[in-house]
Structures are given as structure tokens and as C-alpha cells.
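Student: Predicted structure and sequence below. I'll ask about it afterward.
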Amino acid sequence: MGWEWMASVVVFAIAMSATPGPNNTMLTASGANWGFLRSLPHMAGISLGVTVILAAVGAFGSPLVAAPGVHDVLKWAGICYLLWLAWKIATARPVPEGTPAGRGGRGRPLNSLEAAAFQLVNPKFWVIAASAMVTYVGEGEGAGSALLPAITLALVFGIVTFPCSVLWTLVGVGAGRLLRTARALRTFNIVMAALLVASLIPIVLD
């Protein structure tokens, strides 16, 4: 590992974390419906999940990521869960920012543990994990030699993911302030749900 390796990892992490996908679509919807502060646990949970899972996979289970059977199970479990989340987003009733949890509407943002656990069934995350392990850790590395680059890669991704999550949540907050009527917010939720479903098309066809 060197500065060139680190710079390459940072650029890769930004490209993967900042582009549209399930996490960012859900954060945008969360920001619009529940505001920035109530979405903070969701943002933190994504960074936590990305860091822990990438480190574990890179250090101990990188061959499993490429195994066809494991990949298919994770892919279809993720697709089913994302379809359920899309339905939840489409039917969510927005709550003004500052409203106490559990009042004024239906649904709630994901908490930290839920957002972290979601990475286990996030199809985009597993595509990223497989690419990152092969490119930056190496398929042929043993557990000992893979440990340091895997942990470094995981930490970089966790750090980079948080500001990207903040950005997408703020986009949602801004949209929520512009869409002042309940009807407009419901329409926004349906659009976000449709985008979430659309993000699955390349994964299904893969």
C-alpha cells in the first residue's frame, strides 16, 4: 500500500458512495419525510455497516463474495427487501421536522442498526464489495496479508460514505421544504420508490 493506492481507493469510494443507489434514494426520501436530524441514525448506520462488513469480508471471506451461490442468495434477498422498502416509501406519510418520534404520521426513518444491517442485503453494496476486494485487496491474498489493506479500505469507505450520505439527505430536506403540500410529498415519495425499483433493473438483468 502507498499514497497512489490510497488515492485510488478514495476516488473509488467517492464514486461508489456518491452515485445514485438504494442507500442514497432511501436517504433522500428520509430527509424529505422526516428531516435531517431524524435521519442522522440512518446515515451513521450506513457508514457503520459499510465499514464493519467490508473489513470482515476483506479479512476473512473475500472468496465467498465471488461464489455464485452466495452471490445469488444475497442478490435476491436484497431485491425482495428493497421492493418492500420501496412500498414503504411510496406509502409513507411525511412528518414535519421536529415532530416527536411516533407522532403526526405513519412510518419512521431507519435507525442505526437497521441501516447497518441493510448493507447485508444491499445488492449495490455487494457489487462494490466484490469489485473492491478484487481490485484493492487481491483475490490471491492470504488472511494475514489481506488484513491491513482490507481494514484500511473499510475505514476509507466508512469515512467517505458519511458526507455522501449527508449530501443526499440534504437534497431530500430541500425537496421536502419545496413540496409544501401533503399531495406533493406523497407524489415525491412515489417517485423515490419508483427510482428505488428502477435501480434494481441492472441487478436483476446481471
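Tutor: Here it is on my side, so go on.
Student: After the lowest-mean-pLDDT helix or strand in the chain, which helix or strand is next? Please name it.
Tutor: Among the helical and strand segments of the chain, the one scoring lowest on mean pLDDT, DSSP states H and E is helix 62-66, with a mean of 59. Next helix or strand after helix 62-66 toward the C-terminus (DSSP states H and E): helix 68-90.
Student: In PDB, list the C-alpha atoms belonging to the helix or strand following that next one.
Tutor: Following helix 68-90 in sequence order, the next helix or strand is helix 112-118 (DSSP H and E). The C-alpha trace of helix 112-118 is given here as PDB (Å, rounded to 0.1, in the frame of the first residue of the first chain):
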ATOM      1  CA  SER A 112     -28.600   2.900  13.000                       C
ATOM      2  CA  LEU A 113     -28.800  -0.900  13.500                       C
ATOM      3  CA  GLU A 114     -31.400  -1.300  10.700                       C
ATOM      4  CA  ALA A 115     -29.400   0.800   8.300                       C
ATOM      5  CA  ALA A 116     -26.200  -1.100   9.100                       C
ATOM      6  CA  ALA A 117     -27.900  -4.500   8.700                       C
ATOM      7  CA  PHE A 118     -29.500  -3.400   5.500                       C
END
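Student: And helix 112-118, what does it pack against?
Tutor: helix 22-56 (3 or more Cβ pairs under 8 Å, 6 or more residues apart in numbering; DSSP states H and E). No exception for glycine: its C-beta is placed from N, CA and C like everyone else's.
Student: The helix it packs on vs helix 68-90, what angle?
Tutor: Taking axes from the mean of the first three to the mean of the last three Cα atoms, to 10 degrees, one finds helix 22-56 and helix 68-90 inclined to each other by 140 degrees.
Student: buried stuff in helix 22-56?
Tutor: 22-36, 38-51, 53-55 (16 or more other Cβ atoms under 10 Å).
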